[in-house]
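K.L.:
what follows is a predicted protein model with its sequence.
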Amino acid sequence: MPNGAEVLIECILNEGINLISGVPGEQVLGVLNAIYDVQYDLEFILMKDERNASFFADAHYRLTGRPGVCLSTLGPGATNLLTGLANAYLDRSAVIALTGQASTEEMVKESHQKIPVSKIFAPVTKWSFTVGRADLIPEAVRKAFKTSKSGRPGPVHLELPSDVMAELCDVEPLNPLLYEPKYPPGGNLEVIKKALNYIMEAEFPVVLVGNGVIRDEASENLRMFIEKFHLPVVSTFMAKGAVPEDHPLHLGILGAFSWDVARRAVGRADVVVAVGYDFAELPAEYWNRDCKRLVVHIDRIAAEIDKYYPVRYEVVGNINRTLQFMLNFRVDEPEAKRLRRLREIEEFKRDFLDQLYPTEETRPLKPSDIVKVLNEAVSDETVVTVDVGDHKVWMSRCLVRRKPRKYLVSNGLSAMGFSLPAAISAKTIFRDSPVLCTVGDGGFAMSFGELETMRRLKLAIPIIIFDNDVLGQVYTRQRIAYGDRIIGVSFSNPDFVKISEAFGMDGFKVETLGELREAVELGFKNDRATIIDVKVDVEETLRMIKRLGPLRSVP
């Protein structure tokens, strides 16, 4: 008869999961022992820090649409998961967190390393449950996976007392197909028709694309929608690639500089068609502070209440199905109005292209110089992971993405240290696909222990470090708010090339565009990881703020 840990692993396999990331401990030894017997079907990825294990699981969901699973022991192992789970919570990623716990006998009294993990996790999970009996495991696992994916996706937590994992029980997994239809219904047809007519009556409607479009796999229908009705479109950071960013109707990423083309286009709008957008990505106040733009809200979740988000029509349902219904309707629009809108879109597009890159090379390189080289080097199939800080603004604004699920960034929580474990996740899942990791020097310092994980797993990933010896975003905001009163943001970086050598990797220090192009090309051809240390101009963001207005409030 199997024990609780063996039933747990059987249930996880039954959900179609083949990877678990984590850091073990005494209270989860039984779970690891159960994985040992099925390790060719369910691989355990040992990370160097539990936070990175939860980042790995977060990225797994974004890349595959299947929940990622991470594992830790009790106490400090569990609390280390917290940042990654909070990240998944605000970026709407389905993650299953498994944490060990003392035996049920010890849970009624003070015990070594025992803290109330379920209570701690409750604010940043959709459901947190302590499995008190082994026979509850099938229902708990099934509910965890269903809850994590339903509605607005997010993390779920199961706490596993050690004696429950050792308890013998004779139970079977529950079949997930009994509970989850492939597509939830689209929005109400009558409301859809009224909303579409309202959109087409507007003078300059703008489509604002959020991360929900990617979650609902609605990118293709969205592209056909904007093309059929000749609508300009802007994207959030999380929605990069939902519509090809070199599309004539795409006017950039909303949320960088406040006078950027994307922001100006939304400012011109009289109606904003918000598709799969929620406030964790970007506050509505950022683009509608004067409340002059009315909103058509299209999402699987009802609209949040906010005075800066005045909803005229609300279409709640699966985005993909809703867009399919809209494509079936015919709406007549005066040709003169349509042509006038298209001329404005062309003018915005020209301005965007003119603002994208600097006209001359400087030393140190500007962040946009680096992104220009990356646009030449990465393919549409390259998964690009981006960390938090100054470089995130430039990567999100300037890197051209044409496909969904190819750009991973921490946005809602904006957690430094995300990109390296996310890149490890991507390369572990897609061994034959190119993966690029970009990170600031501050974020790299938080996660570079995972270089050992990359070496152990034999992952050939180029890592580009935006190196300026400072926490760039905080430095920029200090300069704006307090002038030269700079404190607590500067540091002295180690020799990143020597670090790469210590981990058995290749390393390059580059200062020119030519050196960068050569290093990136070698990095993608290499059969092992490559660290590319690029000295970058920390003052460029301040110069761009003078030209294009301040950054959004969230880094």
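P.N.:
That came through, no problem. Everything numeric here is computed off the predicted structure, so don't read it as measured data.

K.L.:
what lies in contact with stretch 513-520?
P.N.:
361, 365, 369-370, 372-374, 376-377, 462, 464, 508, 510, 530, 532, 534 (CB atoms under 8 Å, 6 or more residues apart in numbering). Every C-beta, even on glycine, is put in place using the N, C-alpha and C of the backbone.

K.L.:
give me the buried positions along it.
P.N.:
515-517, 519-520 (16 or more other CB atoms under 10 Å).

K.L.:
just to revisit the earlier point, which one of the contacts of stretch 513-520 sits closest to Asp354?
P.N.:
Using CB to CB, Lys372 is the member of the contacts of stretch 513-520 that lies nearest Asp354, at 14.0 Å.

K.L.:
give the rounded mean pLDDT of the lengthiest helix in the chain.
P.N.:
Counting residues, the longest helix found in the chain (DSSP state H) is helix 335-356. Here helix 335-356 scores 92 as its mean pLDDT.

K.L.:
then stretch 126-136?
P.N.:
96.

K.L.:
so where is this structure shaky, pLDDT-wise?
P.N.:
In the predicted model of the chain, residues 106-113, 177-184, 359, 552-555 satisfy pLDDT under 70.

K.L.:
got a list of contacts for stretch 16-26?
P.N.:
So stretch 16-26 is contacted by 12, 32, 35, 41-50, 52-54, 56-57, 60, 66-74, 77, 80, 98, 100, 162, 176, 425, 428-429 (CB under 8 Å, 6+ apart).

K.L.:
just the buried subset of those, written out for ChimeraX, thanks.
P.N.:
If you want just the buried ones from those in ChimeraX, going by 16+ other CB under 10 Å, the selection is:
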select :12,32,35,42,45,47,48,49,50,52,53,54,56,57,60,66,67,68,69,70,71,72,73,74,77,80,98,100,162,176,425,428,429
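
K.L.:
for stretch 410-418, what is the distance to the chain centroid?
P.N.:
Remark: stretch 410-418 is offset 8 Å from the chain centroid, using CA atoms, centre = their mean, to the nearest Å.

K.L.:
ends of that stretch, what's the gap?
P.N.:
End-to-end distance for stretch 410-418: 7 Å, by CA to CA, to the nearest Å.

K.L.:
all strands of the stretch 201-350 of the chain, in order?
P.N.:
Ranges of strands in the stretch 201-350 of the chain, per DSSP state E, counting those that start in this stretch, are 205-209, 233-235, 250-253, 271-275, 294-299, 311-316.

K.L.:
of all those strands, which lies closest to Ser492?
P.N.:
Using CB to CB, the nearest of the strands of the stretch 201-350 of the chain to Ser492 is strand 250-253, at 32.8 Å.

K.L.:
relative to the whole chain's centre, how far out is that closest one?
P.N.:
18 Å.

K.L.:
then stretch 22-36?
P.N.:
Remark: stretch 22-36 is offset 28 Å from the chain centroid, using CA atoms, centre = their mean.

K.L.:
return the set of buried residues in it.
P.N.:
Applying 16+ other CB under 10 Å to stretch 22-36 flags 22-25, 27-32, 34-35 as buried.

K.L.:
got a markdown table for the residues you listed, with secondary structure too?
P.N.:
Below are the buried residues of stretch 22-36 laid out as a markdown table (DSSP: H, G, I helix; E, B strand; the rest coil):
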| residue | secondary structure |
| --- | --- |
| Gly22 | strand |
| Val23 | coil |
| Pro24 | coil |
| Gly25 | coil |
| Gln27 | helix |
| Val28 | helix |
| Leu29 | helix |
| Gly30 | helix |
| Val31 | helix |
| Leu32 | helix |
| Ala34 | helix |
| Ile35 | helix |
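
K.L.:
okay if I get these as TSV plus distance to Ser150?
P.N.:
Listed next are those as TSV, based on distance: CB to CB, whole Å:
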residue	distance to Ser150
Gly22	24
Val23	29
Pro24	30
Gly25	31
Gln27	29
Val28	27
Leu29	32
Gly30	30
Val31	25
Leu32	30
Ala34	27
Ile35	27
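
K.L.:
now the two most distant members of the residues you listed.
P.N.:
Using CB to CB, the buried residues of stretch 22-36 span at most 17.0 Å, a distance reached by Val23 and Ala34.

K.L.:
quickly note the distance from Val296 to Val373.
P.N.:
Relative to Val373, Val296 is positioned 39 Å away (CB to CB, to the nearest Å).

K.L.:
which among the buried residues of stretch 22-36 gets closest to Lys403?
P.N.:
Distances from Lys403 to the buried residues of stretch 22-36, taken by CB to CB, are shortest for Gly22, at 29.8 Å.

K.L.:
how about that closest one: which residues does it bridge to?
P.N.:
Leu46, Leu71 (DSSP bridges).

K.L.:
can you check Val435 too?
P.N.:
Where Val435 sits in a bridge, its partners, by DSSP bridges, are Val383.

K.L.:
so which residues of the stretch 451-555 of the chain form strands?
P.N.:
Using DSSP E, counting those that start in this stretch, strands in the stretch 451-555 of the chain cover 462-467, 506-510, 530-535.

K.L.:
most tightly packed of those?
P.N.:
Comparing the strands of the stretch 451-555 of the chain by mean neighbour count (mean count of other CB atoms under 10 Å), strand 462-467 ranks first with a mean of 27.

K.L.:
look up how far Glu344 lies from the nearest residue to Met200 once chain neighbours are set aside.
P.N.:
Excluding its sequence neighbours, the residue lying closest to Met200 (CB to CB, 6 or more residues apart in numbering) is Val331, at 4.5 Å. In this view, Val331 and Glu344 are 20 Å apart by CB to CB.

K.L.:
what does Asn18 give?
P.N.:
Asn18 is 49 Å from Glu344, by CB to CB.

K.L.:
same thing with Glu285?
P.N.:
25 Å.

K.L.:
same question for Pro153.
P.N.:
36 Å.

K.L.:
tell me who's in contact with the closest residue in space to Pro364 that isn't next to it in sequence.
P.N.:
In space, and not counting its chain neighbours, Pro364 is closest to Lys535: 4.2 Å by CB to CB, 6+ apart. Listed by CB under 8 Å, 6+ apart, the contact partners of Lys535 are 363-365, 467-468, 509-511.

K.L.:
distance to Val275 added to those residues, as JSON lines?
P.N.:
Shown next, in JSON lines, are the contacts of Lys535 (distance: CB to CB, whole Å):
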{"residue": "Arg363", "distance to Val275": "42"}
{"residue": "Pro364", "distance to Val275": "39"}
{"residue": "Leu365", "distance to Val275": "36"}
{"residue": "Asp467", "distance to Val275": "37"}
{"residue": "Asn468", "distance to Val275": "36"}
{"residue": "Lys509", "distance to Val275": "43"}
{"residue": "Val510", "distance to Val275": "40"}
{"residue": "Glu511", "distance to Val275": "42"}
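
K.L.:
and which of those residues is nearest Arg264?
P.N.:
Among the contacts of Lys535, and counting by CB to CB, the member closest to Arg264 is Leu365, at 27.4 Å.

K.L.:
and that closest one, how many residues sit next to it?
P.N.:
Using other CB atoms under 10 Å, Leu365 has 24 neighbouring residues.

K.L.:
might one say that it is in contact with Val534?
P.N.:
Yes. The pair Leu365 / Val534 is scored as a contact, 6.3 Å apart, by CB atoms under 8 Å.

K.L.:
tell me the residues that contact both of these two, please.
P.N.:
Shared contacts of Leu365 and Val534 (CB under 8 Å, 6+ apart): 511, 516.

K.L.:
how does this structure divide into domains?
P.N.:
4-178, 189-356, 367-548 (automatic domain parsing).

K.L.:
please name the nearest non-neighbouring residue to Thr104.
P.N.:
Once flanking residues are discounted, Thr104 sits nearest to Pro161: 4.9 Å by CB to CB, 6+ apart.
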